[in-house]
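> The following block contains a protein sequence and its predicted model.
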2 protein chains.
Amino acid sequence: MIKMKEKIKTELCPIRDIICRLSDKWSMLVIVILNDGGTMRFNEIQKAMDDISQRMLTVTLRSLEADGLISRRIYPEVPPRVEYSLTPLGTSLLPALTMLVDWAKENTGAIQESRRSFESVNK
Amino acid sequence: MIKMKEKIKTELCPIRDIICRLSDKWSMLVIVILNDGGTMRFNEIQKAMDDISQRMLTVTLRSLEADGLISRRIYPEVPPRVEYSLTPLGTSLLPALTMLVDWAKENTGAIQESRRSFESVNK
DNA sequence: CAGAATCCACGGCGATACTG
DNA sequence: CAGTATCGCCGTGGATTCTG
């Protein structure tokens, strides 16, 4: 059996870096929303998230673009129009992301109950 | 096709909460290491990570214990001995975690190259 | 040995105001 | 519409010291 630990310690300084980029407050959610919505404009994405600030959406989109997970197309019009969509690389992340979300969904109850009993013991 | 966005917005305030707990600096790594090592003592885990502070390891372990992902067994001896191991719930997270790590591993090169070209364009 | 407690630096993130 | 710029809070996490 392969030692996952070795995976992480030898190959995964870069891997941990990637995980950290994804696991900020908004990145995963943006990817999921773009997967559902296809090609979307800035404001569309913001409405779909409904509680992200304009600044953080900009920052998040730039970060994802830098990593090659989304593409950003600018139309030289007035008023300006900018469209975002997942790249193939971004799309390839979805199975793993979905699995994580599904796991979280299935175990939400168990985890919350565990937290409650843990707190009542340590109160 | 199911709208992932709906999943996240309706069911996933709790789900996002879980993802956030996992995606701090150390939690995923601890889970992976415990999966490789089985039952381990505090110092064993710390050595396996080799760059985590004592404080952060304590904090991380408590958080994972509260969520029911790891168990903590105390032996009333002198000097004290405490052993950690994955619970079934913690183990059930591994497939999703592995998938994410594998994706990151496979696409590290592409991502880093994307970052470089992005920076050279925006310099 | 396995922590608890304290102090502190840094960076993520939000609020607000301004612009092409 | 889709940003950019600036300011400031606060939470994460590191270093250090102390304890049962």
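Sure, I can see it.
> residue nearest the centroid of chain A?
By C-alpha atoms, centre = their mean, chain A has its centre lying nearest to A:M28, at 1.0 Å.
> Look up how far B:L100 lies from that residue.
10 Å (C-beta to C-beta, to the nearest Å). Where you see a C-beta, it was placed from the backbone N, CA and C, and this is true even at glycine.
> Now for those two: what residues contact both?
A:L97 (C-beta atoms under 8 Å, 6 or more residues apart in numbering or on different chains).
> now A:N43, what's its secondary structure?
Three-state assignment for A:N43 (DSSP: H, G, I helix; E, B strand; the rest coil): helix.
> Could you tell me the model confidence score at it?
At A:N43, the model reports a pLDDT of 95.
> and if you look at A:D17?
pLDDT, A:D17: 82.
> Repeat that for the one 10 residues further on.
We have a pLDDT of 92 for A:S27.
> Pull the number of nearby residues for it.
20 (other C-beta atoms under 10 Å in any protein chain shown).
> And the one 10 residues further on, by the same measure?
Residues contacting A:G37 under the criterion other C-beta under 10 Å number 17.
> Equivalent analysis for A:L89, please.
A:L89 - counted by other C-beta under 10 Å - has 17 other residues nearby.
> Tell me who's in contact with it.
A:L89 touches A:68-69, B:107, B:110-111, B:114, counting by C-beta under 8 Å, 6+ apart.
> where does it land in three-state SS?
helix.
> any idea how far B:N107 is from it?
Distance from A:L89 to B:N107, by C-beta to C-beta: 6 Å.
> now swap in A:D67 and tell me
9 Å.
> quick one on the thing from earlier: tell me which entries of the contacts of A:L89 lie within helices.
B:107, B:110-111, B:114 (DSSP state H).
> Not counting sequence-adjacent ones, nearest residue to A:F118?
B:A66 (4.2 Å; C-beta to C-beta, 6 or more residues apart in numbering or on different chains).
> and A:D36, what helix or strand is that in?
When elements are assigned from DSSP states H and E, A:D36 belongs to helix A:27-37.
> same thing with A:P95?
Short version, using DSSP H and E: A:P95 is in helix A:94-121.
> For that helix, buried residues please.
A:94, A:96-101, A:103-105, A:107-108, A:110-111, A:114, A:118 (16 or more other C-beta atoms under 10 Å in any protein chain shown).
> Now for chain A, the helix or strand with the poorest mean pLDDT.
Every helix and strand of chain A was ranked by mean pLDDT, DSSP states H and E. The lowest is helix A:4-6, at a mean of 55.
> do you know how far A:M99 is from DNA strand D?
Using C-beta to the nearest atom of the strand, to the nearest Å, A:M99 is found at 23 Å from DNA strand D.
> That residue - nearest residue in space that isn't next to it in sequence?
B:A96 (4.1 Å).
> from what I can see the one you found touches A:L97, true?
No: here B:A96 lies out of contact with A:L97, judged by C-beta atoms under 8 Å, at a distance of 9.1 Å.
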